[in-house]
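Q: Quick one, fold the following:
(chains A and B)
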Amino acid sequence: MRGRQREQHREQQRQQGSALPAAVGALCRALPPRARPAPDTLRRARFDRPQASLDFWKLLYVLLKQIHGGRWTESDAIGAQVSFVKRALWYRGYGRPQLRRLPADGSAGSRELLLAFSWLLHRPGLLEQLLARNRVQTGDEASVCTCEDDLPKSQEGPGEAGPEDRVDVRYLQWLNGRLRLQWCSLHAQHQEQCKLLHKIHLFTSGSHMDQNLGHFSVTEADLIRHPESYKQLVQLLDSETKQLEAFLEWKQLEPVYWQWMETVLDDMAEEGSMCESQDAHVEKRRLPEVTSCCPWAAKLAGQMDRLSRDLLALQEQLHQLVAQRRAAWWEKVATREELQEERFSATARKAQESIGLKLRGVTSLCAPQKNRMHGVCRLVLRNNQPASKMPLGQCVSKEAAAAVSAAEVIRELQVREASLQRELQQLQQQCRHRLDGIAEGLEGVICVSP
Amino acid sequence: MLMLPAGRGRRAAAALRAALGESAERRRELERRAARSRALLGRWDDEEEERPQPQAGSSTEHEDRPSPKELEELKLLNRALEKALKIRKSILKTPLEAQGARGQKWAGEAHAPKKAEEQQVPVPAEDVPECRKVRAGGKKPLLLKKPSPYQLRAPYRTDPDVKKLQRKVPARCVSQAPRTAGKISSKGVTSKQGRSHRTATGASAREVCAAAEPQETPSLSESAPNEQQSFSGGDSAAGKNSTVACKQLLDAGKKSCGFLGESSKKEDTAGAWGRSTSPGTGTLQEKGCQLKLPLPYRKAYSRNSRAWERCRLCQTSADAAAARTHFMERIQTTFWYPKLTPSPAEIEEELRGLQDVPSHLRQYMEAEPAEPPTLQREYESLLTLEGLQSTVSQCLQKLQLLREALESQLRLCPDCPGDVGSCSPACVPARGQTCDSADMLAMPLLCYSSLQELRDLFALKLQVSMLHQEIALQKGTLMESQSNSDLEETQLLALHRQPKNPILCLAALPKHSWISGSL
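A: A predicted model of the protein is given here:
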């Protein structure tokens, strides 16, 4: 039975045989230049050739690093690559046990990796994400997300330590002071840059051939002034165009690829039926607590704790407030005649409707915002009359660009700032309490507080 | 003397240094971009590739230690202070009001260049009554709030080498905006007043800075009064960290003085640069509308944008979608726990979405009037509050679910030897699991409509960044300090005290003859 199925599959494959190399080729060309595999690698991986394993690990490593915004070098060790890939796949929700069991030296498992790669194509939309992330920037970039800027890992190497073993606290305070100075000057610099940008945008309004943009960016203006120094930019644009065309080709030939992957699964199903995933349960680790796993988990747990503290505090406050108001209200209802009339029930219903609308806005806050922008955007000066800017020639019927208005981003940032301020205050409060505790313990201490 | 145990201090120092390095990097990058923009706004026929290089101010920033020059200046300053303290001994007690008045006068006269000695004298004179007050106060917490905007703390010294000088962030630094080149004041204002102030100050500071040049230069050239000036200047930036050891304030003051001197020179150039190309002379302004991009670029660009557009509009064919779904379902069945959702990525994303909810809800809550005018309003108010309440409990439930999900996911976390680095993306595009390719491939634009909006945007972004960094540093400090009571830890914690209510712990240790007979 199974043999005949296999034959049928092979027949199907032969028929689409010509399409498959094209599909695989397009797929490879749609990947970013630095992470482009040879189509042969995929083909070898299909048959689980060990030679392809190292290449495939590297491929996944580079691709995942790119989506994660991390840095990588050519010389990263294979062990590190393997760990990272396993971890990143777990992070995305990929749960094949066989992948987990692959050896750390990267010597085997190309077929498993092929499966993982195909999974990644769809699940986080690998190709699209890579394209979006690596988009050639011709404009003035500004990032719109409020994601946490990670502090660079402070290198604890022995070379970093000063000549003395102990650190003078005044040195720390000096560093702190300097840090604050830096922020001030950064602020001033940013403000100046804003002015300059605005001027350039204003002065070049109407010159850009792309009507969506309307004006030049600094890069483009500079390009006009020094055309020779931007040859590379043109080349980058061209190679990106080729990549996009490969992407379109891939989209055409996609079905073939997925069917091919199904054959891989078929093969594995056959082989795998011998050895069941008996150790599925053994793999489960017993974690004493969430935070011992890794710093990421600790960070998340910390966020959750803080969030629940905030929410509980809010709940407490609301509880009191509501109880108060309710008591007052029912008192009024008891005493006043008009509230018990029919007339009021109409107004009550209206009130409920309007409040219902308002609250719907509130509850939508709690849903993850699908449209939240991340990453870098191109800054565009746009006076708020889109109608007047409608060009005669190029007609942009629907909004071709995902435009975010600065006002929105400002609002979001304000909210973010408020919550961060609160967090900082809480932390400082904690510090203060500690200080108070310590001060009480110290002998002969004079605490001077304004 | 004031040393921290090796481990703790070093970590904090390393974190601070890393933060400094990062911000220095940012500054360099910004400066580069700004230089390019400035060049564009200038005359294009000037083949001036030489950009006004940032002065020595930036180079000294790389250093992790005060430069020898600064240390020299510090020594000079210390000597001057010693002299001042000697003088102080011979001054009798003066009334507090006079001190207050002098404080005002001191603030008012701050601009005028003075001799070093003259300026040193009022300082200690004002301090005397304070010192006495403190000593008399004993262990009681003392309110040193004064009506005058300029507040000065008494310098206490433990021994001749170490000067202790406490100063609160002078509120007058708001008015001092032009003098401190806008930077310090903007920072000072930030912590005290609203954001709008800051952006306004920062914005106006640049103009005023350029205008205040003639005032600044002569006073900057005189070192002695400058030291006094920048005390408060640099102090307002570093003042938050004043603790027992005042030397760091002197350090910071010196550093800021040196830095200010250099950077305001830089900004002079920059200001001059900007001014010479102000409207009227800038050729970009003249011909900006008529400029055209070179042909090769235009071709490449339009090909590129057409390709992007095609990709954006390209839909997955039905066959492909079906085949893909089939594959994905099949592979899902081979997972450990096929039904295990959400994935860690999704958990993180949901959590990120929830982070700002308390702030939003709090805004709503506070928007409800305490005394609603009409009955209907009161009813509506009640409904709103009840609605908020139920939202909060929903959020709490969701949080609980996320917590459980995280725990079960963590049980499957691969055991990674060594430092894998962070496996969670720094910035995850917020898509569900079904990627919306159209959105992802559209050109992201950020549209602003006015200069003020742009400025606000950048100011806010910077503020958020800074808050992130402060929080991280604060957390580091908290984690490091244990609950034993020692002076060093006190100082470490006091590093990050609240800017609004600074707490000063002044320890009278037996070995230091502090609040000595000199008072």
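Q: mind checking how far residue B:365 is from residue A:313?
A: Distance, residue B:365 to residue A:313, using CB to CB, to the nearest Å: 11 Å. Glycine gets a C-beta too; all of them are placed from N, C-alpha and C.
Q: which of these two has more neighbours?
A: residue B:365 (17 against 13; other CB atoms under 10 Å in any protein chain shown).
Q: quick one, what contacts that one?
A: Counting by CB atoms under 8 Å, 6 or more residues apart in numbering or on different chains, residue B:365 touches A:314, A:317-318, A:321, B:385, B:388.
Q: Residue A:237: neighbouring residues, count only.
A: Using other CB under 10 Å, residue A:237 is surrounded by 22 other residues.
Q: Nearest residue to it in space, please, no chain neighbours.
A: residue B:300 (4.1 Å; CB to CB, 6 or more residues apart in numbering or on different chains).
Q: Okay, and that neighbour sits in which element?
A: Here residue B:300, judged by DSSP states H and E, is contained in helix B:295-313.
Q: ok, residues contacting the next helix or strand after that helix?
A: Downstream of helix B:295-313, the first helix or strand assigned by DSSP H and E is helix B:318-333. Identification of contacts with helix B:318-333 by CB under 8 Å, 6+ apart yields A:96, A:115, A:118-119, A:122-123, A:251, A:254-255, A:258-259, A:261-262, A:265, B:316, B:338.
Q: Which of these are buried? Put it as a PyMOL command.
A: Command for PyMOL, covering only those of the contacts of helix B:318-333 found buried under the criterion 16 or more other CB atoms under 10 Å in any protein chain shown:
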select buried, chain A and resi 96+115+118+119+122+123+251+254+255+258+259+261+262+265
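Q: Now for the contacts of helix B:318-333: which two are most distant?
A: Spatial extent of the contacts of helix B:318-333 (CB to CB) is set by the pair A:251 and B:338 at 28.1 Å.
Q: Model confidence score at the residue nearest to residue A:237, please.
A: Residue B:300 is assigned 91 on the pLDDT scale.
Q: Am I right that it is in contact with residue A:241?
A: Yes. Counting by CB atoms under 8 Å, residue B:300 does reach residue A:241; the two are 7.4 Å apart.
Q: What helices and strands are in contact with the helix or strand harbouring residue B:69?
A: Using DSSP H and E, residue B:69 falls within helix B:68-89. Packed against helix B:68-89 by the contact rule (3 or more CB pairs under 8 Å, 6 or more residues apart in numbering or on different chains; DSSP states H and E) you find helix B:116-120, helix B:122-137, strand B:155-159, strand B:162-165, helix B:223-238, helix B:247-276.
Q: Give the buried residues for it.
A: B:70, B:73-74, B:77-78, B:80-81, B:84-85, B:88.
Q: would you turn those into a markdown table with pLDDT?
A: A markdown table is the format used below for those (pLDDT from 0 to 100):
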| residue | pLDDT |
| --- | --- |
| B:70 | 76 |
| B:73 | 82 |
| B:74 | 79 |
| B:77 | 86 |
| B:78 | 84 |
| B:80 | 91 |
| B:81 | 89 |
| B:84 | 90 |
| B:85 | 88 |
| B:88 | 87 |
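Q: Kindly indicate which of those residues lies nearest chain A.
A: Lowest distance from chain A to these (CB to the nearest CB) belongs to residue B:70, with 9.7 Å.
Q: residue boundaries of the helices in chain A?
A: A:2-15, A:19-30, A:39-46, A:51-68, A:78-92, A:97-100, A:110-122, A:126-133, A:169-203, A:218-225, A:231-272, A:295-335, A:342-366, A:406-441 (DSSP state H).
Q: got a list of what the residue in the stretch 251-400 of chain B that chain A sits nearest to touches?
A: Nearest to chain A in the stretch 251-400 of chain B, going by CB to the nearest CB, is residue B:343, at a distance of 2.6 Å. Residues near residue B:343 by CB under 8 Å, 6+ apart: A:91-93, B:409.
Q: which one among these gets closest to residue B:463?
A: Proximity of the contacts of residue B:343 to residue B:463 (CB to CB) peaks at residue A:91, which lies at 30.2 Å.
Q: who's in contact with the residue lying closest to that closest one once chain neighbours are set aside?
A: Excluding the flanking residues, the one nearest residue A:91 by CB to CB, 6+ apart is residue B:344, at 4.7 Å. When contacts are counted by CB under 8 Å, 6+ apart, residue B:344 touches A:90-93, B:406, B:409, B:424.
Q: Next one: residue B:344 relative to residue A:294, how far apart?
A: Here the criterion is CB to CB. By it, residue B:344 lies 11 Å from residue A:294.
Q: Distance-wise, check the nearest residue to residue A:58 once chain neighbours are set aside relative to residue A:45.
A: Leaving aside its sequence neighbours, residue A:58 sits nearest to residue A:81 (CB to CB, 6+ apart; 6.4 Å). Noted for residue A:81: a distance of 16 Å to residue A:45, by CB to CB.
Q: Comparing the two, which residue is more hemmed in?
A: residue A:45 (25 against 22).
Q: right, and the more buried one touches residue A:51 too?
A: No. Contact criterion CB under 8 Å: residue A:45 and residue A:51 do not qualify, at 9.6 Å.
Q: Which of the buried residues of helix B:68-89 lies at the shortest distance from residue A:138?
A: Looking across those and measuring by CB to CB, the closest to residue A:138 is residue B:70, at 43.4 Å.
Q: Give me the below-cutoff pLDDT ranges for chain B.
A: Across chain B, the ranges flagged by pLDDT under 70 are B:1-9, B:45-65, B:92-282, B:415-439, B:480-519.
Q: hmm, 80 instead?
A: B:1-12, B:42-71, B:74, B:92-291, B:336-341, B:375, B:413-444, B:476-519 (pLDDT under 80).
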